[in-house]
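Q: what's the 3D shape of this:
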Amino acid sequence: MHRVVTLCSVIAPTATLAAKDSYKDQGSYYPVPTELQLAFMNHEMSQFMHYGINTYWKAPSSFLHSERPTYHNCKSRITGLSHDNQTKGYWPCLNPDVYAPTGTTPSADHGEDAVYTGDVDPDQWMAASAAMGMQEICFTAQHVGGFAMWPSNFTNYSIAASAWYKSRMAQRAKNPNIKSPDVLGRFVEAAKRWGIKICYYLNFEMNGYFAEVLKLSEEEFTHRALGMLREALEHYGPVNRFWFDGSHDFPGNRKALYHKVAELIRSISPDTLFGPYVGNGYTNTIGPTNYYTHGPDVFVPTESHGMVMQEGPNGNQNELPTYWFWHEWACARNISGCPWFGLRDPRAIFEGYLEIVGHGAVMNMNIAPDRTGSMNATVVEVMHAVGRSINETFGSNYTAKWTPPAAYAGSECVDGAVVLDVTPADVESTKGFDYVMIMEDVRYGQRVGNYSVEYLVDGNDTWQTLVPPVRNHSSDSFVSDPIQSTARDSHIGYKRVDIPTLTSSDYDAQHRIRQVRLNCLGMVELKGRPARTAADKLIHIRSLSLHKKKVQWPDCPPDTEWCAPYPQNI
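A: Numbers count the residues shown, from 1 in each chain. Below is the predicted model of the structure:
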């Protein structure tokens, strides 16, 4: 049986709010994405990188053994539990001197003349991310505590206030080969070198330092929050995307602040993506059709956020919880085995790719640097293994593939909407296949509402099931996976990966296949839309292909839910 990854995920929509509201529907039955949204979906994987002062907090034992001890700064029940030098002068926030990439924390012998030799290594971050296939990194430029990873002119709570930063600047004045301690600037430079797009978690309304220490008024809070956002846009770009969330630190009208933020972003960087304000916040669960369930007039790419590298084997449980910032002592209630050090097995990440990207969403996975300022060596090994496996399985290697001919203008929603010819040589070239991948051309909107895939073998005119249709499906759910351990949802969308009824273990049967066809069993139905034209009644398929599973690790034995981790030192 296939090992299923358990995701503690929130399906979060991301919409482009550009200078012109080009994301609005264009009068056709199916709303379509903008070029920026298409580019976002083409990323397939985005990396969340929680790194900052939180990484270096030495939490008390009572907190480490509490439920889900995630590091959030400036919270009285979290960092405020430390009544020592770590919060001196800043309680309940961490003192800026806590930030030190050597892993040290402030003590009596760390005065203004202390020499810090530790440093961050953003190029090492990028190399590992690129190896895994990440196209974008969402870096915590300013997490909820308010600590800025650049020397901002709008807050005195930033790396510039740390002894590490001052020491590195003093060393740099004597030796120009010492790299700048402006961590965000270094991140941007490395991202540009590696061709990785820049995304920021920059929480403009959750700033614990502003709220708990300075106790700013609404006017001053707004001024500083917008100033920090402007600095990021003007000096640390180009910013591909902002990832916003938050709630109650801002002492005023949240929605009014959001509109000021939107106006600022539009005026400086109209091509920057950020989430829409929906209801009382910035994200809203949507169904698998990429349209808002409360009004299908906007196309919204789907993102699954919640998969984390440091995570217990069964997701975010109290005993083995999820960690956003790197944890040296990942204990929680696991007292007998503390410290617990666990990483996601690459098998689980690969399965997560099938469940998320294989359902048309962008997979946002959190992978954080450790206290050295670099990515942990075992984490890097996992990232390389996952990247190679995804690329070798779904890259240019395929058993057989259909792509639209030059004159293709869409297909009717019928059995055999697309037909793929398969030869014995095709099957022999990869020794069979394990996945059926279908991509809808969502430039025309997401249209296929239900589908099946069938195959035809030599000497038999009866089409047989390769991927079954979905029965009694809920069009408003996004809760299933392509490995069929639970009910599948019925849509194709940007990309769909299914495990066929015949896999490479059925090589002899696959060797007899001569054709594979995609059947369109129904189209997405939307309410409150214009009448369908003849063009709206066509579906647009980008590709239909068969792929052999090629991974960097041994498969689990049959009929087992767990097997030894890979690499062995996880």
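
Q: shouldn't residue 92 be in contact with residue 83?
A: No - with contact defined as Cβ atoms under 8 Å, residue 92 does not count as touching residue 83 (9.6 Å). Where C-beta positions appear, they are placed from N, C-alpha and C, glycine not excepted.

Q: report the helix or strand with the lowest average pLDDT across this structure.
A: The least trusted helix or strand in the chain, going by mean pLDDT, DSSP states H and E, turns out to be strand 10-13, with a mean of 32.

Q: helix or strand right after it?
A: helix 35-43 (DSSP states H and E).

Q: how about that next one: buried residues?
A: Judged by neighbour count using 16 or more other Cβ atoms under 10 Å, the buried positions of helix 35-43 are 36, 37, 39, 40, 41, 43.

Q: roughly how far apart are the first one and residue 303?
A: For residue 36, the distance to residue 303 (Cβ to Cβ, to the nearest Å) stands at 14 Å.

Q: just send the buried residues of helix 35-43 back as a markdown table, with pLDDT and distance to residue 51 too.
A: Formatted as a markdown table, those follow (pLDDT from 0 to 100; distance: Cβ to Cβ, whole Å):
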| residue | pLDDT | distance to residue 51 |
| --- | --- | --- |
| 36 | 88 | 26 |
| 37 | 87 | 28 |
| 39 | 91 | 25 |
| 40 | 91 | 23 |
| 41 | 91 | 26 |
| 43 | 92 | 20 |
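
Q: where does pLDDT dip in the protein?
A: Across the chain, the stretches falling below the confidence threshold (pLDDT under 70) are 1-27, 103-113, 246-247, 276-297, 312-321, 329-342, 472-488, 556-570.

Q: surely residue 497 meets residue 356?
A: No - Residue 497 is beyond contact range of residue 356, at 10.0 Å (criterion: Cβ under 8 Å).

Q: and these two? Which one has more around it.
A: Using other Cβ atoms under 10 Å, the more surrounded residue of residue 497 and residue 356 is residue 356, with 29 against 24.

Q: mind telling me what element that one is part of?
A: With DSSP H and E as the criterion, the answer for residue 356 is helix 346-356.

Q: what sits closest to residue 438 if chain neighbours are left out?
A: Among residues not flanking residue 438 along the chain, residue 496 sits closest, at 4.6 Å (Cβ to Cβ, 6 or more residues apart in numbering).

Q: what packs against the helix holding residue 356?
A: Applying 3 or more Cβ pairs under 8 Å, 6 or more residues apart in numbering; DSSP states H and E, one finds that helix 346-356 makes contact with strand 302-308, strand 362-366, helix 377-394.

Q: again, only using 10 Å
A: strand 45-49, strand 302-308, strand 362-366, helix 377-394, strand 496-498 (3 or more Cβ pairs under 10 Å, 6 or more residues apart in numbering; DSSP states H and E).

Q: between the buried residues of helix 35-43, which is closest to residue 545?
A: Proximity of these to residue 545 (Cβ to Cβ) peaks at residue 41, which lies at 17.7 Å.

Q: what about the closest residue to residue 133 other than its chain neighbours, how many neighbours?
A: Of all residues not flanking residue 133 in the chain, residue 387 sits nearest, at 4.8 Å (Cβ to Cβ, 6+ apart). Residue 387: 21 surrounding residues under other Cβ under 10 Å.

Q: centre-most residue in this structure?
A: Centroid-nearest residue in the chain: residue 364, 0.8 Å away (criterion: Cα atoms, centre = their mean).

Q: quick one, what contacts that residue?
A: 9-10, 12, 14, 43, 45-48, 134, 136, 138, 199, 243, 303-307, 356 (Cβ atoms under 10 Å, 6 or more residues apart in numbering).

Q: good, wrapping up.
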